[in-house]
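1. just the structure for this:
(2 chains)
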Number of protein chains: 2
Amino acid sequence: MAEKLTSRAEDYSRWYNELVVMADLAQHSDVKGCMVIKPYGYAIWEKMRDALDKMFKDTGHQNAYFPLFIPKSYLSKEAAHVEGFAKECAVVTHYRLKAQDGGVVVDPDAKLDEELIVRPTSETIIWNTYKGWIQSYRDLPILINQWANVVRWEMRTRLFLRTSEFLWQEGHTAHSTSAEAVEETERMLDVYAVFAEQFMAMPVVKGRKTESERFAGAVDTLCIEAMMQDGKALQAGTSHFLGQNFAKAFDVKFTSKEGVLDYVWATSWGVSTRLMGALIMTHSDDKGLRLPPKLAPIHVVVVPIYKGPEQLAQVVEAVEPLIRDLRSRGIVVKLDDDDTKRSGWKFAEYELKGVPVRIAVGPKDLEQGTVEVARRDTGTKAGIPMQDAAAAIEALLEDIQRNLYEEALAMRRSYYTQVDSYEEFKRLLDEKGGFFLAHWDGTPETEERVKAETKATIRCIPIEQPGESGSCMVTGRPSARRVLFARAY
Amino acid sequence: MAEKLTSRAEDYSRWYNELVVMADLAQHSDVKGCMVIKPYGYAIWEKMRDALDKMFKDTGHQNAYFPLFIPKSYLSKEAAHVEGFAKECAVVTHYRLKAQDGGVVVDPDAKLDEELIVRPTSETIIWNTYKGWIQSYRDLPILINQWANVVRWEMRTRLFLRTSEFLWQEGHTAHSTSAEAVEETERMLDVYAVFAEQFMAMPVVKGRKTESERFAGAVDTLCIEAMMQDGKALQAGTSHFLGQNFAKAFDVKFTSKEGVLDYVWATSWGVSTRLMGALIMTHSDDKGLRLPPKLAPIHVVVVPIYKGPEQLAQVVEAVEPLIRDLRSRGIVVKLDDDDTKRSGWKFAEYELKGVPVRIAVGPKDLEQGTVEVARRDTGTKAGIPMQDAAAAIEALLEDIQRNLYEEALAMRRSYYTQVDSYEEFKRLLDEKGGFFLAHWDGTPETEERVKAETKATIRCIPIEQPGESGSCMVTGRPSARRVLFARAY
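-> Below is the predicted model:
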């Protein structure tokens, strides 16, 4: 850790950008808008992916892989899809280079008849494929997920939060009834919410997007919304009920049990490497990352305290049984016996990297038969008898996972304000930020006005709420229920 | 299984194409050259990926992710790389579409200043990144692997064997000494060979490519070569010692322990979804796939034999404890109680899909307290007492894995011919095909002549061989050792 991390209070945005780079999670590449995900960052993403993948498989889904490229004409087939989406795309126009003057140039003779689009999302190519897979109700449901890279051209990028290329998963399911597709849409939203809370230790609000915030081509978009430390919301996952829109666009029909020909019902749902940004901005502090143990690549770092190689060898030998015991419990332990780095440097480095537990052990500890165990979340330290340490740390990791969730929940609660007047809303939005639960008259005009005047958007219509009626905070017109406003990433 | 599979004897190539589609592994997409990997095929690929990934991590490698796009100019930086490679590429020239006449067109105002190439391989973008990561010997080695999609434009494609987009892994390592990089190159070749033999049950020949078959930009290319049932060879993996070529092209230097500034040494190594083709053409037969248990998505299928729903319920209930027992042993079991399909249809379907073991159980079996266990590799069936079946099947799966390897090894041996005259070589190449171990004078001219006259290429210079000298089968000139010729995929 060469430089000092900017504090959150000083400049939250700069703190985030520095932390991503200093903690070795990712960096900008020389290719505009594309990031390099470094090994430490990728290891966290792998843990997210593996946990989600298991949850998808446990709910009956299978993985498959569809082409990177989409013929340009496909994007025009679903009217709303092309209208609201997919304009900022990488376009492949040629398929060959040729040597010229010691370099390479694009071969003008190798122009494609129809341009190919690098997938921004795969509804079109997948529904074009499903057409060949579905004839009867017996072929349904199709429950498929894909892990892939996608590209949406971005001019202003931020690591993990907004990049031209990003990694994600996209589920694409096909059903014989509307009810079954709606149920799937809700099931996958629940999967995302459970994942966010149980693995990322990040509380989320489940809700429904307004018409103007809906996915282009969807009948209904459900989402999970999370609150970041700086009072801005972050959309962490979406699950779309697509109705029969894509089936109609790609002419995908099935014969029902009763022999009736009908269009197929669809859902799609996805989360992306954006979750890495959410994870960082939910938990981390001025010292660096704080990682929930369930997603931490390293659970415990062991830092020997010593003078000279002989003492180092003694300490390492003494701590080996503890390390073995921890590993036998499925805990990932790193012993940092690098003798070119000072222990103070190591302490700061692993705090920066968010390793949940640090064990420091030196000659004095050995004399007393203890190790010093420090937890990253609270910063507290305790001397623990060596023979009790493995069990204690196993319990501690669970406690850290729980505590990070509770801290995040407390933070989210402090950012959850019910307001009834537009003046109060505007004042508090600037003063403290966060989520605002307010009445809205249901019109896109009012939604647009709030956005133009305050940069806040309706994040969602929360699913769980009393649903009391009232009057719109902006226009005073009747409102059936409150919605959740926030400025957002 | 609607249609009958063409037999291998009738038309091997057609058999392969039909099998890939009929066994639900993959299909051509409507995007020229790109395939759709279907869930059953993807599940096999996932097992390959997971096994390899573990082997990479066990040998100290970490995963990371680099951009999909490469600036065109990067490809010109390593002279041999651009000369021998990377001409047939997908070229991105624009970054936006716009609506026009109800469709979309490429926005001419959104032309990129420099075209981007969809990565055909990532040496250039990765070494451009490593430049920022490496200053001193302390930053080395870097041992990174990437799982990714790549694109190499192909006019004539075959599912898994040659597609414009394919999935692969590419390892890219950086070292402070030539010796260490060479060692890494050899280590990863060994990893591939062990994977091929232990997981794919596919024997391979480890060897070295001749200069003309070497990877563009490599100092030395090692490879594993496998023999397919039709007597054609298939390159199953390559591991390249890149010397300092890419470090020089991207100016990546490090300061050694002794304070000397030098260019960094490099390796790269990869295997791809091509291995799916190798797996199929090594083991499968006229009834369909034969999958080695270690890569089979389903190990055991249970087919109830019954008349009417009551008998079906009885059979299913009776077989449940066995299924539970099998699953508790980590064996993946599918119970096919679909009452709309006949058992004969099911037998054929799971043979087509290559499921290693089939259990058939009906009222007569229940009376006798047995189940009928059939193995896919040999086709043999045996009645086994229900209470012994789980242990027997666990052992059987190991035996099938072993037997498939031995059968493949016998096949490969039958295709391994030592020849000393060019006439005999040409005659046997046409008559029986396979690998030919022959003397070669070491010149590209002779290599090219053999290729032009027979379509056979030097697959590799085998690493393990007596190394006796002789005279070239074509020119009679001196030869230090034999090389391996074959026609290849």
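2. quick one: name the residues of the stretch 101-250 of chain A near chain B.
-> A:102-104, A:106, A:115-118, A:125, A:128-129, A:132, A:138, A:144, A:148-149, A:151, A:153, A:165, A:167 (CB under 8 Å from any CB of the partner chain). Backbone N, C-alpha and C define where each C-beta goes, glycine included.
3. let's see which of those residues end up in helices.
-> A:125, A:128, A:129, A:132 (DSSP state H).
4. give me the number of residues near the last one?
-> Under the neighbour criterion other CB atoms under 10 Å in any protein chain shown, residue A:132 is assigned a count of 12.
5. how about it, what does it touch?
-> If you count contacts by CB atoms under 8 Å, 6 or more residues apart in numbering or on different chains, residue A:132 has them with residue B:27.
6. ranges for the strands of the stretch 51-200 of chain A?
-> A:62-63, A:69-71, A:91-94, A:97-100, A:103-106, A:111-118, A:142-151, A:165-175 (DSSP state E, counting those that start in this stretch).
7. of the ones in helices among the residues of the stretch 101-250 of chain A next to chain B, buried ones?
-> A:125, A:128, A:129 (16 or more other CB atoms under 10 Å in any protein chain shown).
8. can I get the residues you listed in JSON lines with pLDDT?
-> Putting these into JSON lines (pLDDT from 0 to 100) gives the following:
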{"residue": "A:125", "pLDDT": "97"}
{"residue": "A:128", "pLDDT": "97"}
{"residue": "A:129", "pLDDT": "98"}
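9. burial-wise, tell me which of the strands of the stretch 51-200 of chain A comes out on top.
-> With neighbours defined as mean count of other CB atoms under 10 Å in any protein chain shown, the strands of the stretch 51-200 of chain A peak in mean count at strand A:69-71, which reaches a mean of 25.
10. packing partners for that one?
-> When contacts are defined as 3 or more CB pairs under 8 Å, 6 or more residues apart in numbering or on different chains; DSSP states H and E, strand A:69-71 packs onto strand A:111-118.
11. contacting residues for the residue of the stretch 151-300 of chain A found nearest chain B?
-> Closest to chain B within the stretch 151-300 of chain A is residue A:153: 4.3 Å, counting by CB to the nearest CB. With contacts defined as CB under 8 Å, 6+ apart, residue A:153 is in contact with A:33, A:88, A:89, A:90, A:164, B:95, B:96.
12. by neighbour count, which of these wins?
-> residue A:89 (30 neighbours).
13. now that one: closest residue in space, sequence neighbours ignored.
-> residue A:117 (4.7 Å; CB to CB, 6 or more residues apart in numbering or on different chains).
14. apart from its neighbours in sequence, what residue is nearest residue A:195?
-> residue A:52 is the one closest to residue A:195 (CB to CB, 6+ apart), at 5.8 Å.
15. and stretch A:171-191, how far out from the chain middle?
-> 21 Å (CA atoms, centre = their mean, to the nearest Å).
16. quick one: buried residues of it?
-> Buried-residue list, stretch A:171-191, by 16+ other CB under 10 Å: A:171-176, A:180-182, A:184-191.
17. and what of stretch A:419-429?
-> Buried-residue list, stretch A:419-429, by 16+ other CB under 10 Å: A:419, A:422, A:425, A:426, A:429.
18. what mean pLDDT does that stretch have?
-> For stretch A:419-429, mean pLDDT rounds to 98.
19. compute the first-to-last residue distance for stretch A:434-452.
-> Terminal residues of stretch A:434-452 lie 18 Å apart, using CA to CA, to the nearest Å.
20. burial count for the closest residue to chain B within the stretch 351-489 of chain A?
-> Closest contact between the stretch 351-489 of chain A and chain B, by CB to the nearest CB, is at residue A:353 (14.0 Å). Number of residues near residue A:353 (other CB under 10 Å) recorded here: 22.
21. likewise for residue A:29?
-> 22.
22. now, the most widely separated pair of the buried residues of stretch A:419-429?
-> Farthest pair in the buried residues of stretch A:419-429 (CB to CB) is A:422 and A:429. Separation: 10.2 Å.
23. joint contacts of these two?
-> Between them, residue A:422 and residue A:429 share no contacting residue, judged by CB under 8 Å, 6+ apart.
24. still on that earlier bit, which one of the contacts of residue A:153 is nearest residue A:60?
-> residue A:89 (32.1 Å).
25. the closest one and residue B:98 touch, don't they?
-> No: with contacts counted by CB atoms under 8 Å, residue A:89 stays clear of residue B:98, the gap being 10.7 Å.
26. once you drop chain neighbours, what's closest to residue A:451?
-> With CB to CB, 6+ apart, the residue lying closest to residue A:451 is residue A:457, at 5.3 Å.
27. any idea which residue sits dead centre in chain A?
-> The centre of chain A sits closest to residue A:275, judged by CA atoms, centre = their mean, with a distance of 1.5 Å.
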